[in-house]
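# Have a look; sequence and predicted model below, questions after that.
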Amino acid sequence: MTVGLLVVCEAPEDFVVTTCIVDRTLRETETDWLRDLFEHALDEQRSWVSLDPGCPFLDWHHLDETAKRLGVRPQRGHFGGRPGAPDALATRKALAILHALRKQGRPISVGVLIRDIDKQPEREDGIKQAREEAAARDPGLRVVLGLPDPELEAWLLAGFDPEDAAEETRLADCKRDLGLDPRTSAHDLRATHDQDRRSVKRVLTLLTGDDRERRAKCYEDAPLSTLHARGQRSGLTTFLDEVRSKVLPLFLRSR
């Protein structure tokens, strides 16, 4: 049985980073026979389900129009007797869309929700409210949360290690200027504007030389153990743990 995953995120890079990290987590599992299986036939075991041919993910920004197009009407009211925290309603709508797609026969076993915290820590509460509600309605759908704090760039910083003397110098300069190691303390880079000194986007751009391929190495090549250790407070560690605890067992069960 192929395990289908649908990603809900905000931008193409979010999708690329997410799918890479999930696939790496599967390939590097400690279960020997699964690791061998994924190494040779991962694409036959898991599929990334797209909503539309032109977009491989469900966009948070387009939930209203997507729900309307599909005729999805999410339930209303409180969440377990409590008002919804920020993003609870949006997440309820996203999961209602996934539920409707499953009822139509789309092969979706896992919803992977990626959402920047973006200086709104209450978002985590709201998203979890909606996930708990959806679990009661559709227990067959696994929902994995990836909540970069403050933004996705924090996860990439966790995977940065200098490759040459110039990068060593840039990292040392960043540490001195910021008074912290941006790889382990990216969650503290909460500037409002992208060009501010303590902007997580600015720091990543500075360290990688604004090179797309260099950015990609931060999540493609960095050891998962490094990402796990450095991502304790940026949401990356929790995401890796959820992939291992919620997604991997589906492959064990399908054998």
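Here it is on my side, so go on. Residues are numbered from 1 along each chain as shown.

# any idea where the helices of this structure begin and end?
For the chain, helices defined by DSSP state H occupy the ranges 12-27, 32-45, 63-70, 88-103, 122-137, 153-158, 165-178, 200-208, 212-220, 224-230, 236-242, 248-253.

# okay, those helices, which one's buried deepest?
helix 153-158 (a mean of 28; mean count of other Cβ atoms under 10 Å). C-beta: built from backbone N, CA, C; applies to glycine.

# contacting residues around that helix?
Contacting residues not belonging to helix 153-158 are listed as 17, 21, 148, 182-184, 186-187, 189, 200-201, 203-204, 207-208, 215, 218-219, 222, 226-227, 230-231, 234-236 [Cβ atoms under 8 Å, 6 or more residues apart in numbering].

# hmm, 6 Å instead?
Under the criterion Cβ atoms under 6 Å, 6 or more residues apart in numbering, residues 148, 182-183, 186, 200-201, 204, 215, 218, 227, 230-231, 234, 236 lie in contact with helix 153-158.

# low pLDDT regions in the protein?
Residues of the chain meeting the criterion pLDDT under 70: 254-255.

# One more pass at 90, please.
1, 51-54, 192-195, 252-255 (pLDDT under 90).

# Can you give me the distance of L89 to G126?
Noted for L89: a distance of 8 Å to G126, by Cβ to Cβ, to the nearest Å.

# next one: G105
With distances taken as Cβ to Cβ, G105 is found 30 Å from G126.

# need the helices of the chain in TSV with distance to C55, can you?
Formatted as TSV, the helices of the chain follow (distance: least, Cβ to Cβ, whole Å):
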stretch	distance to C55
helix 12-27	9
helix 32-45	20
helix 63-70	10
helix 88-103	13
helix 122-137	21
helix 153-158	22
helix 165-178	34
helix 200-208	23
helix 212-220	20
helix 224-230	27
helix 236-242	22
helix 248-253	25
